[in-house]
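Enquirer: return atomic coordinates for the entry below.
(one chain, ligands or ions: 1)
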Amino acid sequence: MTDAAEIKMRFLYGLRSKGVTDGRVLTAMEKIDRGDFVTGIFAERAYEDMPLPIACGQTISQPSVVGLMTQALEVSPRDKVLEIGTGSGYQAAILAELARRVYTVDRHRRLVREAEAVFAALGVTNITAIAADGSHGLPDQAPFDRILVTAAAEDPPGPLLAQLRIGGIMVLPVGQSDAVQSLIKVRRTPEGYDYEELRPVRFVPLVEGLGQD
Ligand code: SAH
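Expert: The predicted model follows:
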């Protein structure tokens, strides 16, 4: 086996051992190479199960957390998905393997621009990346079948709850920015919203307004 194949095998094995067992999610994470989304001095650590720094003081999430969140979102091929927090674009590219269309929003224009360049280089055509404050959602494209938030808010933002289709699922970290946060799964029913707490997580905070760059 080549080094690259062995590294990839270990990466996938590591995901499984942390509870990522959904076959479609694993296939998507086998196809989308995290190394394409990490640049500079951290590139060689792309296959380690840890968050890594990216531009604008942000982070690309830990792969097992990406896998567990994607799995919890139960994405199907016809879904229109909204992601808040484009960051490196890694999570969006995995969602794009599983869904019909992905809208991803980040408050840093630079991150949106750089993620778009990676999507283009990889030939991914079903992602629309937008620079905006994602705490307002994306009213023009609503409702969404699935919403994934990759930055932590103190409570689920009202506009995102409102933009979730009935029968839809939203997965998001909730809690104080520097304390322990909980990953929450929200299902919208005809009567209201059901909340399920999945696990403790730690994400960068959801910050209001557009960033400087
Ligand atoms: N999903 C990313 C990791 C995201 S890190 C990946 O796969 O790499 C969290 C991101 O949320 C950061 O890029 C940050 O800029 C963004 N963010 C924080 N608050 C936001 C807001 N109000 N609207 C949009 N993006 C926001």
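Enquirer: neighbours of E44, how many?
Expert: Using other CB atoms under 10 Å, E44 has 10 other residues around it. The C-beta positions use only the backbone N, C-alpha and C, and glycine is treated the same way.
Enquirer: how close does it sit to V201?
Expert: E44 is 25 Å from V201, where distance means CB to CB, to the nearest Å.
Enquirer: repeat that for R110.
Expert: Distance from R110 to V201, by CB to CB: 25 Å.
Enquirer: between those two, who's got more neighbours?
Expert: Of the pair R110 and V201, V201 is the one with more neighbours under other CB under 10 Å, namely 20 against 15.
Enquirer: which residues of this structure lie near the ligand?
Expert: Neighbours of the ligand within the chain, by CB under 6 Å from any ligand atom: 58-61, 84-85, 87-88, 90-91, 105-108, 111, 133-135, 150-151, 204, 206-208.
Enquirer: for the chain, what spans make up the helices?
Expert: Assigned by DSSP state H, the chain shows helices spanning 3-17, 23-31, 63-73, 90-98, 109-122, 158-162.
Enquirer: rebuild the ones you listed as CSV, extending it with mean pLDDT.
Expert: Below are the helices of the chain laid out as CSV (pLDDT from 0 to 100):
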stretch, mean pLDDT
helix 3-17, 92
helix 23-31, 97
helix 63-73, 98
helix 90-98, 98
helix 109-122, 98
helix 158-162, 98
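Enquirer: deepest of these, which one?
Expert: Comparing the helices of the chain by mean neighbour count (mean count of other CB atoms under 10 Å), helix 90-98 comes out on top with a mean of 25.
Enquirer: which neighbouring elements make contact with it?
Expert: Packing contacts for helix 90-98, counted by 3 or more CB pairs under 8 Å, 6 or more residues apart in numbering; DSSP states H and E, involve helix 23-31, helix 63-73, strand 80-84, strand 101-106, helix 109-122, strand 127-131.
Enquirer: for the residue most central in space within the chain, which non-adjacent residue is closest in space?
Expert: By CA atoms, centre = their mean, the mean C-alpha position of the chain lies nearest to Q91, the distance being 3.9 Å. Residue nearest to Q91 in three dimensions, not counting chain neighbours: V66, with 5.4 Å by CB to CB, 6 or more residues apart in numbering.
Enquirer: hmm, the one you found is touching A92, no?
Expert: No: if you go by CB atoms under 8 Å, V66 and A92 don't touch, sitting 10.5 Å apart.
Enquirer: which other residues reach stretch 32-40?
Expert: Stretch 32-40 is contacted from outside by 11, 43, 45-47, 52, 54, 60, 63, 88-90, 93-94, 97, 115, 118, 121-122, using CB atoms under 8 Å, 6 or more residues apart in numbering.
Enquirer: so how far does it reach from one end to the other?
Expert: Distance across stretch 32-40, first residue to last, is 19 Å (CA to CA, to the nearest Å).
Enquirer: name the residues of it that come out as buried.
Expert: Residues I32, D33, R34, G35, D36, F37, V38 are the ones in stretch 32-40 that count as buried (16 or more other CB atoms under 10 Å).
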